[in-house]
Every structure is written in structure tokens, then in C-alpha cells.
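K.L.:
dropping the sequence and predicted coords here.
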Amino acid sequence: MKLGFFVTNQYLPGESMPQKIQESSEQVKAARDAGFSLIATGEHFLAAPYQMSNSFTLLSRLAADAGDMQVAATVILVPLHNPVELAESIATLDAITNGKFVFGVGLGYREEEYTAFGVQRGERVGRFNEAMDLIKRLWSDEEVEFNGKYYTVPKTKISTRPVQTPPPIWVAANNDVAIRRAARWGYPWLINPHATVPMVADQWNRYKAALDEFENPIPSELPMMREMYVAQDRETAFIESQPFLEGKYKAYADWGQDKALPGEESFSVPYQDLAKDRFLLGSPDDIVSEFRRYAEELGVNHMICRMQWPGMPQEQVLNR
């Protein structure tokens, strides 16, 4: 099991963003020295109630501290971007990291983001599919001409390419349709941190069945994101994490993240119910046991852990 470290890029109003970015640098160095395999951060826009640093810009800064760790964007909301700019930005990040960049992709779910970027919600899947096709061609073809429904590229020679051919692509997916898309493309499904274990187990079976249907092998990389807090025992971990994780998931509920999951999932429940089968909370032995559970039951071999949420002091993060 490889362990990745998710760098929190959301901050409370009034906090100093320069200070928080410096703290992120310190966290990355600590993760590097502790033997983590990867650092990652995510993307949202108009992220109230939080301040939020731009993922590409932040990762470019943190790459200098990452050593041999991979550097991942988990995830980029592809329909909000021009694919030409996205392809060249990722090629640049892959050069900055000397061929260690991972491109996590997703649709997004927040109406205000689509509206702000001039994207109709009903177009998001079409834009996503078309953009990914174009990005892959921009990374691989000597010459590209593209006339799609949403994007057009005149016949052009391509000279800006990533170091990797291509960078790994992980597909974030909350619902069954999106999971089938990941399987159809043959890419790793990046399992979100919000789903409970029973939900993930059901979707994992659907993902494997879809891989078989599309005659794609199970990818060698099977990544999963989880919220994690380590303390001397489970009760302490529960108590100490509650003020921060509870606030984070209240914001998710306000954004409608729970409605993007299958069924009638709700984050507006008591913390004990929210945490059950969803968060990794406990002693080191408890956490290792959970890692084994995910590996044995789901085949997960790369766990990306988020160990800080808005408002959590730096010393509390580094002590975990």
C-alpha cells in the first residue's frame, strides 16, 4: 500500500494565505521525509466559506519540496477549462516534477462554478469527453486538427509535450455512470473520500464488471482518498477531529456534494453517523487495520490521506 498526502488548500476567512502556503511547504517536507509516495491537492472556484489557493499554482510551488514523490491534481474540473491550455499546463507541471505528475480529472458538481465559467450543466459530459480526447492527442500526435462541438484547433504542429507519454490519468467518479466512463477509458477510478465502505464496495464491483465489458484490464494503480486522523486511540481521534471535519462536511452539504453520490446520501447528520465507515479515525494500529481492509476487500493499493481541514492548527497536523 502506497500512501499519499493530500495538501489542504482551503483556509478560513481572515487567515493569511502566504502563511498557509508556507505551512503547506512544511507539511510536504514532513511527508517526504516520512516516506509518503505522493502529494496532491484539489480544485474548486468561488469556494466560500473558504479561501482557496489555485491547485496548479500551489502544486508548482510545492513540487520544489516534494523530492521523489509524485505530484497529483486530484482533481481538475475539466469542463471548466480550455483543453489546449490544460494540456500545456500539465505538460509544464510534468516538466517541473521531472515526469512525476498525475492528472486527476472530474466533472464537478457545483452550479455556481459552471455559471461563472459560462458552461451549461447539460454540456459538461460532452465537454469532458471532447476535452479529454483532444488533450490526449495534443500530448501524442505530431500534428493536430480538431473540429468538435465545443472545441476547435486549426491544423497545427505540436511541440509542447509532457515528459511522460502520457502522464497517468485518474478519473474521479461519484456515480455509476461516471464509474463506467472510467472503465470504458481503461483508467484508474479515483475513489472519493465521501463514500462509505458499503457504497464503495458496490461501486467497485460495478467498476470491475464494466472493465470486463469494455475488455480493459484492472489498472495497476487503484487510488482512494480518505479523511484520516491519527491519535492514541479511536475516541481521542474522534473528539479531536470533530470540530474540523464536521465543519468541512457542513460546507460540502451546502455545496451539494452529498447529492452527487448515489442513493439518498446526506452529510447533514450527527458526526458519529457521518464518520462511520467513511473516515479513518483511530490509533496507528486502527489505521493500519483499515488500510488492510481496503486492500483486501477492494484492491486499493494507493491511499491518499487528507489529515488537515480548514481551521486545524499547523502543530496539530505535523503531530499526526
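P.N.:
Now that the structure is in, tell me what you want to look at.
K.L.:
which parts of the stretch 101-250 of the chain are helices?
P.N.:
Along the stretch 101-250 of the chain, counting by DSSP state H, counting those that start in this stretch, helices occupy 111-116, 124-140, 176-185, 197-213, 234-255.
K.L.:
mind checking those helices for the one nearest to T92?
P.N.:
Nearest to T92 among the helices of the stretch 101-250 of the chain is helix 124-140; the distance by C-beta to C-beta comes to 12.3 Å. Every C-beta, even on glycine, is put in place using the N, C-alpha and C of the backbone.
K.L.:
which positions within the closest one qualify as buried?
P.N.:
124, 127-132, 134-135, 137-139 (16 or more other C-beta atoms under 10 Å).
K.L.:
let me know the closest of these to T160.
P.N.:
Taking the buried residues of helix 124-140 together and measuring to T160 by C-beta to C-beta, the closest member is L138, at 8.2 Å.
K.L.:
neighbours of the closest residue to the closest one other than its chain neighbours, just the number please.
P.N.:
In space, and not counting its chain neighbours, L138 is closest to A87: 4.1 Å by C-beta to C-beta, 6 or more residues apart in numbering. By other C-beta atoms under 10 Å, 25 other residues sit near A87.
K.L.:
show me the contacts for A87.
P.N.:
By C-beta atoms under 8 Å, 6 or more residues apart in numbering, A87 lies in contact with 134-135, 138-139, 160.
K.L.:
which secondary structure element contains it?
P.N.:
Element membership of A87 [criterion: DSSP states H and E] is helix 83-96.
K.L.:
list the buried ones in that helix?
P.N.:
Buried-residue list, helix 83-96, by 16+ other C-beta under 10 Å: 83-84, 86-91, 93-94, 96.
K.L.:
just stretch 106-118 next, same as before
P.N.:
Buried, per 16+ other C-beta under 10 Å, within stretch 106-118: 106-110, 113-114.
K.L.:
which one is the residue of the chain most remote from its centre nearest to, not counting chain neighbours?
P.N.:
Seen from the C-alpha centroid of the chain, the residue lying at the greatest distance (C-alpha atoms, centre = their mean) is K155, 33.4 Å away. Ranked by C-beta to C-beta, 6+ apart and with sequence neighbours excluded, the top spatial neighbour of K155 is E145, at 4.0 Å.
K.L.:
brilliant, that's me finished.
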